[in-house]
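> Kindly generate the corresponding structure for this input.
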Amino acid sequence: MIWNIKAHATSGERVTSPDGSTVAERGSYGDAVVKLYDAKTNALIRRLEGHPGIIYSVAFSPDGKTVVSGSGDKTIGFWDAQTGQLLKTLSGHSLKITSIAFSHDGARLASASEDDTIKIWDFANGQLIRTITGFTPGVSGIQSVSFSPDGQMVVASSGVQVKLFEMATGKLLRAYETNESHTSGEMTTCCGSEARSAVFSPDGNLIVSGHEDGTIKLWDANSSKLLRVMKGRSSDLRSVVFSPDGKFIASGNNDEDGRIELWSAQTGKLVRRFGEDSDYVRSLAFSPDGRLVVSGHLTNNVKLWDAKTGRLIREFDEGFSEDDQVAFSPDGKLIVSGGENQNILQWDARTGKLLWHVLPVEEIHRPTAQEIAEQKLKERREAKEAKSAEREVASFAPKVFISFDHYGEPTNPMETRIAETGTPNKSLSRQAREEATGIWLRLHNDSPLPISISTESIYLPGKERCGYQSPTGTFYSGLCEGAEIGIRVGVFDARGKPVRYGFDFGGISIVPPKTSVLFSLPRDLLKEGRYVVVYYKFLKETAKDKLDDYGKEREIKFTDVGLSK
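Predicted structure coming up:
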């Protein structure tokens, strides 16, 4: 039975089925049980027992008869692939289960968890065969696990570690050193980045790992040698998979403009990027024939793509869901998905029809033809306005710049308060170049418009009332001339690669027209050809009392070249 009734996450909310005969009441996300009542008598009809906790992994058994899910409640759920009925659950992990995988013969099931263990199960009877350890406890938990094609080994990733184990004994066979510098062609990787995903090639000779910094690393499975490093357009890579023939690798990034990217496994060259709706990817799977790719995303809708062209074929409406995990059935006819809404759904891959789901699905408003036309008109109007704004502010950009002010002691972001006035303090102390540990810079806004910048504190009005008065007469509070502030900067090395620096907290401050402010940096930050970037946006009043971004985000670069001697 398929229930097309709206089910919110609000605990205890009751909603009625379309025919008015049944009422559903759903618990909170921590209690994935839906109770069905007779609408007339209020008698309990049945309880739909879900799989409590966020679904972090889903997979079909090799015979296609069972869907298996790994959950945030530390259990593994077995579901009848035809009816969606919960058959049994397995317990044994002490923290959430992050990844599950079948051996190719279907005899064994591997589960990985944030408790830093891999457990090998007998799929037929659900018995635990062994527990594999070998990762550093407390780093990040095991993120992924995968069997070799012959079922004799499992590869897993945790933190910057990728390791290969013998399945029968749990013995560590080899480790892939992702935390060292490597060079492949013109690409050099450094310093280690969390491995989010690691899988075997179909022939078992290669292992591909996907990393938090956006790099994809291809390894010789037998020698542990790094063969190639690939880097897509974005960081925060979440999923890498081989095509069934082993010729291609698909990667997905959890980024606004990440795209699904398809790579040649032989050359490491980018083959294609999928459409603009392929952002914020959390999970990927090829169809068994390699013709299709299914993707799960950070928010709503599982998507089906043509692997050859990158064309979006269709979307599957899941209702409210995030962090979706996806898998194809062995015959390629079905797709299963699961995510943060704790639901598991199965679809007909050819028609897009929803076949079954564990919990009720929130109804999604489908826009009418008029609403679609109005939305397109709105998008065209906004694009035209954005283009006009860019033309106007292009002439203002040269009037926003950074200049060297003096040497001195820099401020320490760890010592600053969350809220400050920007009153000059350390900037008043000047030092000789030879003894100074920092440099003081001045950000100038000589344009006729205010700009916004990211700062390390929230700056409150001081004794002096400073800001920007718009043409309508509205006054917007801003920084005063000569204010001493902390600016959140981007730092890059001589090759243009980002360098980790600073803290992810603070606020947004307005620098009024014809105003300059002071900020400091440690001198060591600019050594070895490094440079810093300050990001800003022009602002313009679009309605009374409403100051909005005007034009795209812009940047100013600054290096130590040309500093006074």
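> Mind telling me what element Ile372 is part of?
If you go by DSSP states H and E, Ile372 is part of helix 369-394.
> just checking, what packs against that helix?
Judged by 3 or more Cβ pairs under 8 Å, 6 or more residues apart in numbering; DSSP states H and E, helix 369-394 is in contact with strand 531-543, strand 546-558. Placement of C-beta: from N, CA and C, glycine included.
> Could you give me the buried positions within that helix?
Within helix 369-394, the residues that count as buried by 16 or more other Cβ atoms under 10 Å are Ala389, Val393.
> Next, the angle from it to strand 546-558.
Angle between the axes of helix 369-394 and strand 546-558 is 50 degrees (criterion: axes from the mean of the first three to the mean of the last three Cα atoms, to 10 degrees).
> Just after helix 369-394, pick out the following helix or strand.
Next along from helix 369-394, by DSSP H and E: strand 400-408.
> So for that next one, what gets flagged as buried?
Buried residues in strand 400-408 (16+ other Cβ under 10 Å): Val400, Ile402, Asp405, His406, Tyr407, Gly408.
> now, among those residues, which is nearest to Pro149?
Ile402 (55.6 Å; Cβ to Cβ).
> Now do that closest one against Asp317, distance only.
Going from Ile402 to Asp317 by Cβ to Cβ, to the nearest Å gives 48 Å.
> With Trp121 instead?
Distance check for Trp121 against Asp317: by Cβ to Cβ, it reads 33 Å.
> Okay, now the unreliable bits of the stretch 301-450 of the chain?
Residues of the stretch 301-450 of the chain that meet the criterion pLDDT under 70 lie in 361-367, 416.
> Do you have the strands of it handy? List them.
Remark: strands assigned in the stretch 301-450 of the chain by DSSP state E, counting those that start in this stretch are 302-306, 312-316, 325-328, 334-338, 344-348, 354-357, 400-408, 419-420, 438-445.
> could you redo the ones you listed as JSON lines and give each row distance to Leu547?
As requested, the strands of the stretch 301-450 of the chain are exported to JSON lines (distance: least, Cβ to Cβ, whole Å):
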{"stretch": "strand 302-306", "distance to Leu547": "37"}
{"stretch": "strand 312-316", "distance to Leu547": "37"}
{"stretch": "strand 325-328", "distance to Leu547": "41"}
{"stretch": "strand 334-338", "distance to Leu547": "42"}
{"stretch": "strand 344-348", "distance to Leu547": "43"}
{"stretch": "strand 354-357", "distance to Leu547": "45"}
{"stretch": "strand 400-408", "distance to Leu547": "17"}
{"stretch": "strand 419-420", "distance to Leu547": "21"}
{"stretch": "strand 438-445", "distance to Leu547": "14"}
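> closest to Val229 out of those strands?
Nearest to Val229, of all these, is strand 302-306, at 25.0 Å by Cβ to Cβ.
> most packed of the helices and strands packed on helix 369-394?
Sort the helices and strands packed on helix 369-394 by mean neighbour count, taking mean count of other Cβ atoms under 10 Å, and strand 531-543 sits at the top with a mean of 18.
> Show me what that strand is in contact with.
With contact meaning Cβ atoms under 8 Å, 6 or more residues apart in numbering, strand 531-543 is reached by 389, 393, 396, 400, 402, 443, 447, 449-454, 470-472, 474, 487, 489-492, 510-511, 521, 525-526, 547-559.
> cool, and stretch 193-204?
Here stretch 193-204 makes contact (Cβ under 8 Å, 6+ apart) with 140, 143-144, 146-150, 155-162, 178, 206-213, 215, 221, 237-242, 244-246, 265.
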